[in-house]
Structure formats: C-alpha cells, structure tokens
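>>> Return atomic coordinates for the entry below.
(2 chains)
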Amino acid sequence: MSPHKHILGTFDEALASLRNNVLMMSSLTERSLERAMKGLFDRDDDLCANAIADDEEIDQLEMQIDKDGVAILLRFQPVASDLRRVVAAMKLSSNLERMADQATTIARRARKLNQHPPLAEVELIRPLYEQAMSMFKDSIDAFVREDVALGRAVVTHDEKLDELNRVASDKLVARMAKDPDQLRGYLNLIFIGRCLERVGDHATNIAEDAVYAAAAEDIRHQAVAASS
Amino acid sequence: MANPDPTVAERVERPAEPPPTGEPAPPLTFEVKNLSIWYGEKRAISDATLDVASNAVTAIIGPSGCGKSTFIRCLNRMHELVPKTRIEGSVLLHGEDLYSNIVDPAIVRRRVGMVFQKSNPFPTMSIGENVVIGLRLNGVRNQKFLNERLEKSLRMSALWDEVKDDLHKPGTSLSGGQQQRLCIARALAVQPEVLLMDEPCSALDPIATAKIEELIYELKTQYTIVTVTHNMQQAGRISDYTAFFYLGRLIEFGPTTKIFTNPSERQTEDYITGRFG
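The predicted structure is shown next:
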C-alpha cells in the first residue's frame, strides 16, 4: 500500500471520510452487541432498549457509506488499492449492518427472557459471546491495520464458534426435555446462540474483505473449493 | 461458488480474458528484447523487454515523456523518421527481426499500421480516396478491387453506414470522431497485421471515444492492437494487457486486470492511483 498522498487532495479526504464512517459504524455495532448481551446477562431492559435504539444510527451510516462509496467510484474512478479499499468499505458496512440487526434480535429476546425468572443456562451462551466478539474485533483490526495474517486467523476461528454453538444448543435442547416449563426461555437462548453464530459469520466476511483490501487476495469459499 | 449446472455456465457469455497463470502462453505478434532507443544523446527507452500477444489489445501507459510513443513507433520503425535515432536490442514481428538489414521499413509500416492522436485525413482527398490511397501508392489500379476494399475497410471501422452516400466529399468534412475512424479505415485498407494507436481518442468527445473503443474491441478478433493512452479508465476498459513506462523504463507489464487491481510495483500503483508527483 502506497504511503504517498494523492495529487487530488479531495480524493484523500473522500477516502478518509469513508474509512472514518466505517470505523464509526463498527464502534457502534460493537457497542450495540455489548449492550444487548449485557442486557441479557445483567437482566437490564434499559440496556436492551439502548441496543435496539442504536440500530437506527447504524442503518443511517450504512446508507451514508454506500452513498459515499458510489460517489467515490463516480468522481475518482479508483483503481488498485484505492478500488479495493472502497469495495471493502462498502461490503464491511453491509456486514456491520447485519451484525447490528443480530444485536437488535438478541436485545428483543433478552427482554422477553427478563420477564421471567432467571435461567442459569444463560451462562452457556457466554463462551459463544466471547468467541464472536473476539472474531469481530480481530476482523475490524485486520481491516484497520491491513493485517493479512490476522484476517486469515479470524476465518479459521469460525468453525470453533460453530462448534460452541452446537454444544450450547445440544445442552439447551436436553434441558428442554427435562424442564418443559422453561421451553420458551431455552428456545430464546438457542436463538441468541444462533445470532452470535451469525455475528461470527459476518466477522468472517469482514476478515475476508480485509484480506482482499490489503493483499488483493480472495480467500472466500476456499474450504468449499478444496473439498469439491 | 462453482456452478454445478454446466448448461447454465454454457449460456453465460464471457469476454475474452488473458489466460490465467499456468495456462499455455498466447501466440505472440511482437517479441521485444532488451530494447533501447536513443534520440541523439538522449536515451528514450532503456532495456525494455516485453511480448505483445496476438489478437489482443496491449495498452501502453505512463506519464508524458516516459517513452510510450517512442516505444510503439519503434514497432513499425516510424521513430526512424526522427534524425539521429539509434536502437539496441531486437524487435521480432512473428519471429522476424524488424531491424534486420534486409527488411524494408516501408514494408514494415505496411504490415504494422498506425493511427495517431490527431486525425489526419489527407485534406485534398475525398473520403473514398483517403481510404484507398495506401493501396494506390502500392500500385493497385483495379477499380473493382479498390471499391471492395473501400467498403470493407469502412465497414470494419464502423463508418460505412455514415458515409456511404458521401464518399466523394472531402475527408475533412467529417466530424473529429468520424475522421479518426476514417484514419483507422485507411490503416486497415492495406490489411496490416498490427494496428498501433497513439492516443487515438484524446481529441474526441465521449461518444466518439466510445465508438472507437467499441471498434477496438471488435478489431482485436482480427488484429493485434497496441495503443498508447493517458486515460487509465480507457486502458482498463479496452486492453487485455497493460505496460507501464516511467522515465524510459518498462516498470511493469501484465494482464490489465492485475495491473489495475493489484500492481506488483509501487511506482505503478502510485501512477495509476494518482499519487505521482
């Protein structure tokens, strides 16, 4: 990646603005996920409401990033690393918006859970949460620092998250059989686990886009390609 | 994701692309080896080596004064029209040394046609005469043959429908874009093997430019085309391969998609992204 500035200063400004909006969106998404999960663990409806309210600003940022990205493509017709950065930024915003949607879903289900007596099994979700957030933060770091190795590492962690989700779901299904009165609560926890698993999928997408932006390498679907 | 249904894949039309790494090398029209060119004491090209693939468009890019025009002019020995030029290295056209003592430069220029930045129809000649002048100068007198070649060349340059009723009018009566296509028709009339273009669209409006670009795309099925352009987007649109020159040196050469998404050299990246200066 070139350290030199563009001859067109407005091009540098437009790229910096796009990047700043992506970073802002990732911070808000991270905060929204943390609020939703804290709302679940601490049984705090206010935090859940805040997580749900965050979504609107994140949606607005997604539209702004798309608009700015299209404007850059139109005005500056970027190529090489500039083109990859713009494409990656637009794809990142789409993944971040979906992550924020998962935070909203988690917050809504947490509020339902909070209406009933606490379930000890909520702790089954904590390892998933930690893994998903670790992947999320690493994927954003990989994008920000253009760290190809970190991006690749995030992709390999997705299977671990899937496995953690399988283990938690199996345990919750077993609990349902033993304690059918709490069926609704366990189902909500299963759905929250599923949301976190989806967060990991989006983090994987972001990590793949980070690798593309930094090294022009498309590492998507490599497991599928290798097995076919 | 791989498409499991081959019938779907068959229906998808894809533009020709350079073969990916590992595929057999495409047939070559030019093999340029260790080429250096001097104008008097000034070295305009330094030790350039590149192969020009057949039936493909190769774009030459780089800042003003980097040797782009000199490079394509040496592909038909036109740079020799400048006094005190000197060349080292070799340029092979289909394996034949263009600079061998036994090769006639006039024959080279017939085999390797050229279109210039500014359209230059002969001002005293009609549209029709402009197209066939090359054949006439080569001694062709058969009017039926000339008429056939006239129509064919104008059709190939996508100008026939616009001028077929005005062939007697002066070439200079046409618009700038039409004049440039007339010059392409004139170059095609002598049936060259290669078409060199030195910024063929730089004086044209976007519509005329689009017509020339479309024409280049169609012509490459029959001709090898080497074009100089200052327009990065045009290079990206029309070329299969791109060569970047800087200060007379060939900095990078490769498939256009690679050059414009992930160039290997920092200087290429800085130039195409507008960070030069």
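
>>> Any residues of chain B in contact with chain A? List them.
Neighbours of chain A within chain B, by C-beta under 8 Å from any C-beta of the partner chain: B:1-2, B:232-233, B:236, B:260-263, B:266, B:268-270, B:272-277. In short, each C-beta sits where N, CA and C put it, glycine included.

>>> For the residue of chain B at minimum distance from chain A, which non-adjacent residue is spatially closest?
Closest contact between chain B and chain A, by C-beta to the nearest C-beta, is at residue B:262 (3.3 Å). Closest residue to residue B:262 apart from its sequence neighbours, by C-beta to C-beta, 6 or more residues apart in numbering or on different chains: residue A:216 at 3.3 Å.

>>> Just to check, that neighbour is in contact with residue A:85?
No. Using C-beta atoms under 8 Å, residue A:216 makes no contact with residue A:85, being 11.0 Å away.

>>> what comes up buried for the helix or strand harbouring residue B:30?
With elements taken from DSSP states H and E, the one containing residue B:30 is strand B:28-39. Residues of strand B:28-39 classed as buried by neighbour count (16 or more other C-beta atoms under 10 Å in any protein chain shown): B:28-32, B:35, B:37-38.

>>> list the contacts for residue 187?
With no chain named, the answer covers chain A. Going by C-beta atoms under 8 Å, 6 or more residues apart in numbering or on different chains, residue A:187 touches residue A:176.

>>> oops, chain B please
B:113-115, B:134, B:195.

>>> Pick out whichever of the residues you listed sits closest to residue A:185.
Taking C-beta to C-beta as the measure, residue B:195 is the one of the contacts of residue B:187 closest to residue A:185, at 74.7 Å.

>>> Could you pull up the contacting residues of the closest one?
Per C-beta under 8 Å, 6+ apart, neighbours of residue B:195: B:113-115, B:184, B:187-188, B:219, B:223-226.

>>> In strands, which of those residues fall?
Among the contacts of residue B:195, the members found in strands (DSSP state E) are B:113-115, B:224-226.

>>> taking the residues you listed as a set, which two sit the farthest apart in space?
Longest distance between any two of the ones in strands among the contacts of residue B:195 is 13.8 Å, between B:115 and B:224; criterion C-beta to C-beta.

>>> Which residues of chain A lie near chain B?
Counting by C-beta under 8 Å from any C-beta, chain A sits next to chain B at A:2, A:4-8, A:11, A:76-84, A:215-216, A:221, A:224-225, A:228.

>>> How many neighbouring residues does residue A:120 have?
7 (other C-beta atoms under 10 Å in any protein chain shown).

>>> swap that for residue B:258, please
If we define neighbours as other C-beta under 10 Å, then residue B:258 has 18 of them.

>>> ok so, going back, when residue A:216 and residue A:85 are compared, which one has more neighbours?
residue A:85 (23 against 15).

>>> How about the more buried one: what's its closest non-neighbour residue?
Nearest non-adjacent residue to residue A:85 (C-beta to C-beta, 6+ apart): residue A:213, at 5.4 Å.

>>> So what does the residue in chain A positioned nearest to chain B look like in phi/psi?
Of all residues in chain A, residue A:216 sits closest to chain B, at 3.3 Å by C-beta to the nearest C-beta. When read as degrees, to the nearest 10, the backbone of residue A:216 gives phi 60, psi 30.

>>> residues in contact with it?
Residue A:216 makes contacts with A:84, B:261-262, as judged by C-beta under 8 Å, 6+ apart.

>>> CSV please, covering those residues and showing neighbour count, secondary structure and distance to residue A:109.
Formatted as CSV, those follow (neighbours: other C-beta atoms under 10 Å in any protein chain shown; DSSP: H, G, I helix; E, B strand; the rest coil; distance: C-beta to C-beta, whole Å):
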residue, neighbour count, secondary structure, distance to residue A:109
A:84, 20, helix, 37
B:261, 17, helix, 42
B:262, 19, coil, 43
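
>>> secondary structure class for residue A:127?
helix (DSSP: H, G, I helix; E, B strand; the rest coil).

>>> about what we covered before: can I get the buried residues of strand B:28-39 in a markdown table with pLDDT and distance to residue A:207?
Formatted as a markdown table, those follow (pLDDT from 0 to 100; distance: C-beta to C-beta, whole Å):
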| residue | pLDDT | distance to residue A:207 |
| --- | --- | --- |
| B:28 | 95 | 41 |
| B:29 | 96 | 44 |
| B:30 | 97 | 43 |
| B:31 | 97 | 43 |
| B:32 | 97 | 42 |
| B:35 | 97 | 45 |
| B:37 | 96 | 48 |
| B:38 | 95 | 52 |
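
>>> List just the nearest of those to residue B:252.
Of those, the one sitting nearest to residue B:252 (C-beta to C-beta) turns out to be residue B:32, at 14.8 Å.

>>> Now the strand or helix carrying residue A:161: average pLDDT?
Under the criterion of DSSP H and E, residue A:161 resides in helix A:148-178. The average of the pLDDT scores along helix A:148-178 is 96.

>>> Mind listing what's buried along that helix?
Buried residues in helix A:148-178 (16+ other C-beta under 10 Å): A:148, A:150-152, A:154-155, A:157-158, A:161, A:164-165, A:168-169, A:172, A:175-176.

>>> what do you get for stretch B:150-164?
For stretch B:150-164, burial by neighbour count (16+ other C-beta under 10 Å) applies to B:150-154, B:156-160, B:162-163.

>>> Kindly report the same for stretch B:229-248.
Residues of stretch B:229-248 classed as buried: B:229, B:231-232, B:234-246, B:248 (neighbour count, 16+ other C-beta under 10 Å).
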